[in-house]
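mind looking at a prediction? Sequence and model below.
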Amino acid sequence: MRFPLSLRLAFAGIFENRIRAFLTMLGIIIGIGSVVAIMAIGAGAKSLITGSIEKMGTNLIGVMPGAASDSGPPVSVMGITITTLTYDDAMVIKSLPNVLGISAYANGSGEITAGKQSTDGTFSGVTAQYPFVENHNIEKGRFFTENEERTSKKIAVLGVDMKEKLFPYTNPIGQDIKIKNINFTVIGILEKKGSSIVSNPDNQVLVPLNTAQKLLLGQKHLGLIRIKVDGEEKVPVTMEQIKRTLRYRHEITSPEDDDFTVRSLDQAVDMLGGIMEGLQFFLASIAAISLIVGGIGITNIMLMTVKERTREIGLKKAIGATPVQIKNQFLLETLILTGIGGLIGIIFGSLISWIIAFGAQKMGYTWNFYISPISIIISIGVAFFVGISFGMYPARKASKLNPIDALRYE
Amino acid sequence: MSGIHKTYHTGSVQAHVLRGISVEIKKNEYVAIMGPSGSGKSTLMNIMGFLDVHDAGEYLFDNRPVEGYDEEELAEIRNKRVGFVFQMFYLLPKMSALDNVKLPMLYANIPEKEQEERAKQALISVGLEDRMHHKPNELSGGQQQRVSIARALVNEPKVIFADEPTGNLDTHSGNEVMEIFTRLNREGKTIIMITHEDEIAAYTKRKIIIRDGLITSDEINHSQK
Ligand SMILES: Nc1ncnc2c1ncn2[C@@H]1O[C@H](COP(=O)(O)OP(=O)(O)OP(=O)(O)O)[C@@H](O)[C@H]1O
Ligand SMILES: [Mg+2]
């Protein structure tokens, strides 16, 4: 099949000068490709963060020491030690309705050694319900019991990554490790959970809370209480109950004086989502810049060929083309150019995003591969607009000239 | 046309190129315009062929003054009522001979099928039946000029303007082109051409000589070739 003459004319117009066609196309491809890729990477990064939070479960509530504004982090995150949250608080929360279980935490870091292997690592004092609350099961051996926890036994459970560091070749169960020079006996290894950008639960040593407080940290307070609730819909009620209980226990009369923060993971997801949106906006601005750069490239190339095009338009006018026909011809060319360039750009950008998503997934991260239709529409629209506005300039100028002046244009 | 003036302004320099040209050309005439280089021949022809506009004087085309035409009407006249043949051919380089000839019909919104037939007819009439699908750079100068004549003919205009159509051709191709013009004139077309060569002018029936923007001689050629 042969294309109609008008289409073939447009193709001839575009490919008259191959280098020009190539460079123009390149501008469009880079512009559109980078917008698509940047937007997709933004969406992927967002899914990484929200996904790693949701992996923990949406029926969890966290209680942290120190007050916080609604959206910001509690002051305890900033490194200020607040000692108001205690083990007794945790036990009272545990007895509230709808609470399935709680895990209390006191964290620290220090040198951890096993024989000749040694590493700087974090250790967490946790309560016996940790595997249940965190959905983090034992792979080998066992977790410690409530009794062992209360009696401050010197026993430890390792995350898989920590196990690889301390016992690369041997079975650690029953062997001793040293945390801050105190001997602990390894009784179990946790399943691989996969790291998130927030933390790596596979690279930790868990010891009974009491043991950690007394022997390793020398403190009475807690860093965090995590509460598992009987269903996502019960989270808000339970949060209210926890707040009331803690205010009563801490003798606080007004919410402004709270010395603790109660957060659901939903809120955390929202908060990080907000941060991500800011990030995406930033990325979109970069994408816009690359579109502008592409557009400037197109403009330069178009202006370079004003002379050539002016003569061609002169000839077309001399044989009877109306200004409208000249304009339409030009629109068609721009449409084809941005269409082809846009398509290649979308494929190119998608490919890059897919490679990144594939790599991230291979490394065990949650990373959605998502090409936003908005990014495609916007970028093609901008490319088309740029092509029209800058390509139209010589066309409009030439179509106003007498045919003979256009034909003789120098 | 009568009392035609044209002045070009280039920066502060003014060139008064046509200084009052008055001439009448009737239907089915065959005219050669001659004169020294720079005398204003092309300028006059471009005005007559609607490629340029004059500053003063009156030009009647088909008994109608041309001053009142708007862009659309001018385009239609260039498209359907006059045909132009240039010294430099001005063919679109990436398109075949056939497509080049179709171009004026595209602007006349003639259906694709009819374009094909008429373009072929036009190319056959200039003796290029076996070169239809060649690109301009695959054709000799004479062949390219015949393609551009076919293009000028294809919308069946009454008048054909040719500015030194043989200027870039050897004698043999030049004569071929002139034989085509002579035949077209015999078929009823008005032909107006510019040339520097007396042998070429000898094909025509009337010879107008221009010097410094004025007609200095206008005579019938009794010994047409
Ligand atoms: N666009 C223009 N701007 C300024 N001066 C021009 C322009 N076009 C033509 N001229 C001048 O007008 C004069 C007549 O030009 P024209 O092309 O009509 O001459 P011509 O008789 O066709 O010459 P030739 O035989 O060399 O083709 C020349 O002096 C030329 O320099
Ligand atoms: Mg001339």
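Nice, I can see it. Residues are numbered from 1 along each chain as shown, chains lettered A, B, ... in the order given. Ligands and ions are numbered 1, 2, ... in the order given.

bridged to the residue nearest to the spatial centre of chain B, which residues?
For chain B, the residue whose C-alpha lies nearest the mean C-alpha position (Cα atoms, centre = their mean) is B:Phe161; its distance is 1.9 Å. Here B:Phe161 sits in beta bridges with B:Phe84, B:Ile192, going by DSSP bridges.

touching, it and B:Arg81? I think so.
No - using Cβ atoms under 8 Å, B:Phe161 is not in contact with B:Arg81, being 11.2 Å away. Just so you know, the C-beta spots here come from the backbone N, C-alpha and C atoms, and that holds for glycine as well.

re earlier: from chain A, how far out is the residue nearest to the centre of chain B?
Counting by Cβ to the nearest Cβ, to the nearest Å, the separation of B:Phe161 from chain A is 10 Å.

check contacts around that residue.
Taking Cβ atoms under 8 Å, 6 or more residues apart in numbering or on different chains, we find B:Phe161 in contact with B:45, B:48-49, B:82-85, B:192-193.

what pLDDT does A:Arg263 get?
According to the prediction, A:Arg263 has pLDDT 84.

neighbours of the residue in chain B that chain A sits nearest to, how many?
Relative to chain A, the nearest point of chain B is B:Asn79 (2.2 Å; Cβ to the nearest Cβ). By other Cβ atoms under 10 Å in any protein chain shown, 24 other residues sit near B:Asn79.

was I right about it contacting A:Lys317?
No - using Cβ under 8 Å, B:Asn79 is not in contact with A:Lys317, being 9.8 Å away.

ok, A:Gly57 - contacts?
A:Gly57 sits next to A:135, A:228, A:265 when contact means Cβ under 8 Å, 6+ apart.

can you tell me the element B:Gln224 falls in?
For B:Gln224, there is no helix or strand it lies in under DSSP states H and E.

not counting residues beside it along the chain, what's closest to it?
B:Lys205 (5.4 Å; Cβ to Cβ, 6 or more residues apart in numbering or on different chains).

quick one, grab the pLDDT at that neighbour.
B:Lys205 carries a pLDDT score of 93 in this model.

that one reaches B:Glu29, doesn't it?
Yes - counting by Cβ under 8 Å, B:Glu29 is a contact partner of B:Lys205 at 6.6 Å.

wait, a helix at the residue of chain B closest to chain A?
Yes - B:Asn79: assigned to a helix according to DSSP: H, G, I helix; E, B strand; the rest coil.

count the residues that sit near the closest residue in space to it that isn't next to it in sequence.
In space, and not counting its chain neighbours, B:Asn79 is closest to A:Gly320: 2.2 Å by Cβ to Cβ, 6+ apart. A:Gly320: 28 surrounding residues under other Cβ under 10 Å.

and A:Gly320, backbone torsions?
Note on A:Gly320: its backbone torsions stand at phi 110, psi 20 [degrees, to the nearest 10].

I'd say it and B:Tyr107 touch.
Yes - the pair A:Gly320 / B:Tyr107 is scored as a contact, 4.8 Å apart, by Cβ under 8 Å.

hey, what's in contact with both of the two?
Joint contacts of A:Gly320 and B:Tyr107 (Cβ under 8 Å, 6+ apart) are B:75, B:79.

can you tell if stretch B:108-128 touches chain A?
Yes - applying Cβ under 8 Å from any Cβ of the partner chain, one finds that stretch B:108-128 is in contact with chain A at B:108, B:112, B:115.

and if you look at stretch B:50-70?
Yes - in terms of Cβ under 8 Å from any Cβ, part of stretch B:50-70 sits within range of chain A, namely B:51-53.

now for the helix or strand containing A:Pro131, which elements pack on it?
Element membership for A:Pro131, per DSSP H and E: helix A:130-134. In terms of contacts (3 or more Cβ pairs under 8 Å, 6 or more residues apart in numbering or on different chains; DSSP states H and E), helix A:130-134 is packed against strand A:99-114, strand A:224-229.

send me the first one as PDB with only the CA atoms.
Taking C-alpha atoms only, strand A:99-114 is exported to PDB below (Å, rounded to 0.1, in the frame of the first residue of the first chain):
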ATOM      1  CA  VAL A  99      -5.100  -6.100  71.900                       C
ATOM      2  CA  LEU A 100      -3.800  -9.400  70.700                       C
ATOM      3  CA  GLY A 101      -0.300  -8.900  71.800                       C
ATOM      4  CA  ILE A 102       2.500  -6.400  72.500                       C
ATOM      5  CA  SER A 103       6.100  -6.200  72.000                       C
ATOM      6  CA  ALA A 104       8.200  -3.700  74.000                       C
ATOM      7  CA  TYR A 105      11.700  -2.600  72.800                       C
ATOM      8  CA  ALA A 106      14.800  -1.200  74.200                       C
ATOM      9  CA  ASN A 107      17.600  -0.800  71.700                       C
ATOM     10  CA  GLY A 108      21.200  -0.300  71.800                       C
ATOM     11  CA  SER A 109      24.400  -0.900  69.800                       C
ATOM     12  CA  GLY A 110      27.800  -2.200  70.500                       C
ATOM     13  CA  GLU A 111      30.400  -4.700  69.600                       C
ATOM     14  CA  ILE A 112      29.100  -8.200  69.000                       C
ATOM     15  CA  THR A 113      31.500 -11.100  68.700                       C
ATOM     16  CA  ALA A 114      31.400 -14.800  68.200                       C
END
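
ligand 1 contacts on chain B?
B:8, B:10, B:15, B:17, B:35, B:37-43 (Cβ under 6 Å from any ligand atom).

ok, the residue in chain A that chain B sits nearest to - contacts?
Among the residues of chain A, A:Gly320 lies closest to chain B, at 2.2 Å counting by Cβ to the nearest Cβ. With contact set as Cβ under 8 Å, 6+ apart, A:Gly320 has these partners: B:75-80, B:104, B:107-108, B:155.

mark which of those residues are buried, thanks.
B:75-80, B:104, B:107, B:155 (16 or more other Cβ atoms under 10 Å in any protein chain shown).

let me see the contact set for A:Ala21.
When contacts are counted by Cβ under 8 Å, 6+ apart, A:Ala21 touches A:14-15, A:337.

related to what we said a few turns ago, dump the buried ones among the contacts of A:Gly320 into CSV; add pLDDT as well.
Converted to CSV, these look like this (pLDDT from 0 to 100):
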residue, pLDDT
B:Ala75, 92
B:Glu76, 93
B:Ile77, 93
B:Arg78, 94
B:Asn79, 94
B:Lys80, 93
B:Pro104, 94
B:Tyr107, 92
B:Asn155, 93
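
the helices in chain B, which residues?
Remark: helices assigned in chain B by DSSP state H are B:41-48, B:71-76, B:97-107, B:112-125, B:141-153, B:171-186, B:198-201.

anything in the second one near chain A?
I take that to be helix B:71-76. Yes - applying Cβ under 8 Å from any Cβ, one finds helix B:71-76 in contact with chain A at B:71-72, B:75-76.

what residues does chain A put near chain B?
A:4-6, A:8-9, A:12, A:15-16, A:311-312, A:315-323, A:325, A:402-405, A:407.

for PyMOL, write the selection for the buried entries among the residues you listed.
Filtering these down to the buried ones (16+ other Cβ under 10 Å) takes a single PyMOL command:
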select buried, chain A and resi 5+8+9+12+16+311+312+315+316+317+318+319+320+321+322+323+325+402+403+404+407
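
so where is chain B shaky, pLDDT-wise?
Counting by pLDDT under 70, chain B has low-confidence residues at B:1-3, B:10, B:225.
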